[in-house]
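Student: The amino acid sequence is not available; the structure is as follows:
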């Protein structure tokens, strides 16, 4: 199985490099379409180069880069990532959305690797943007504040690891505190008391929870955000232990919904519905990182390996199909399944975890 993972991961890297370049370019045809939409009176959101699909790919590529011994492939990945971030810098684009900061995790690594101070300047701007972002009365950052004050589970995965990694790397305790507050507030307001699974999100003012309970990717975003934040938090801090215990309990709850074939359903309680490779990859990645960093103990390993084997067997030409389409908001989960960056990125990250937890006995 190890050799199969290595061979398929190489092809996945090629696909990820292609998609990173394609998704982050603002093509001429895109400009024309946006102009036409504006002329017809349709509302057109601001164009976003550092979006969450490209960030998933960038994070996955750097994870592979760190653990790959092939110098030729490593050089190609490094140059592609540098190009990706410099394209944003050269565009002089502002930050519009929370998920712009999701790309900051790999940017920290690139700054540490290259010493390019333009990367550090961009990182500082990301943190300033998050610190001055509109917040609800508890200090949580709404995903799209111009539309609503709703808090999404997605945001935990997109901003909290970046804030903790930035704070740890550059000595900014306030950045870590902001991340901790997001996680604590979500566990206070966004969880289903009966199942222990997350809703997709909530509104603090009305005390209303939104979306389905146990949407697979919401679980993945929340779990990934928690475990990657814990890696960069002070273990002596009481907040570390609180988040760690909540993460462990959530893993236990989520694992109970894993199918016999290793996959997770698109909505965890919908056992007889379709499985989703993006939810499966995100959940397994969070568990693998937990094991890799001694946040979880080994009892989760057999389930992890079962899911890993199921995922690797779905890889075709570097893509992972049976991935649920992009969510359109609370309760809007189009039942269209294909190959998207949000299955490719997390799966490549999973296969790049540097730990014996991903090796066969």
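Tutor: Sure, I can see it. Note that the coordinates shown come from a computational prediction; the quantities given were computed from them, not determined experimentally.
Student: what kind of secondary structure is residue 262 in?
Tutor: Secondary structure of residue 262, reduced to three states by DSSP: H, G, I helix; E, B strand; the rest coil: coil.
Student: just residue 194 next, same as before
Tutor: In terms of secondary structure, residue 194 is coil; the call rests on three-state DSSP.
Student: Neighbours of it, how many?
Tutor: By the other C-beta atoms under 10 Å criterion, the neighbourhood of residue 194 contains 7 residues. Bear in mind the C-beta positions are built from the backbone N, C-alpha and C, glycine included.
Student: ok, now the one 3 residues further on?
Tutor: Taking other C-beta under 10 Å as the neighbour definition, residue 197 ends up with a count of 22.
Student: Residue 146 now?
Tutor: Using other C-beta under 10 Å, residue 146 has 9 neighbouring residues.
Student: Measure how buried the closest residue to residue 266 other than its chain neighbours is and give me the count.
Tutor: Nearest non-adjacent residue to residue 266, counting by C-beta to C-beta, 6 or more residues apart in numbering: residue 276, 4.0 Å away. Burial of residue 276, expressed as a neighbour count using other C-beta under 10 Å, amounts to 27.
Student: I'd say residue 276 and residue 320 touch.
Tutor: No - distance between residue 276 and residue 320: 10.2 Å, which falls outside the contact criterion (C-beta atoms under 8 Å).
Student: what about stretch 346-358, average pLDDT?
Tutor: For stretch 346-358, the per-residue pLDDT values average out at 77.
Student: same thing with stretch 270-287?
Tutor: Mean pLDDT, stretch 270-287: 97.
Student: quick one, what contacts residue 227?
Tutor: Under the criterion of C-beta atoms under 8 Å, 6 or more residues apart in numbering, the contact list for residue 227 reads 247, 286, 289-290, 293, 295.
Student: Remind me what the helix or strand hosting residue 247 packs against, helices and strands.
Tutor: Assigned by DSSP states H and E, residue 247 falls within helix 238-255. Helices and strands touching helix 238-255, by 3 or more C-beta pairs under 8 Å, 6 or more residues apart in numbering; DSSP states H and E, are helix 173-189, helix 216-230, helix 277-292.
Student: Tell me which of those helices sits nearest to residue 95.
Tutor: Distances from residue 95 to each of the helices and strands packed on helix 238-255 were compared using C-beta to C-beta; the minimum, 15.3 Å, belongs to helix 173-189.
Student: helix or strand right after the closest one?
Tutor: Past helix 173-189, heading to the C-terminal end, the next element that is a helix or strand (DSSP H and E) is strand 199-203.
Student: can you pull the contacts of the closest residue to residue 145 other than its chain neighbours?
Tutor: Spatial nearest neighbour of residue 145, chain neighbours left out: residue 134 (4.1 Å); criterion: C-beta to C-beta, 6+ apart. For residue 134, the contacting residues are 141-142, 145, 149, by C-beta under 8 Å, 6+ apart.
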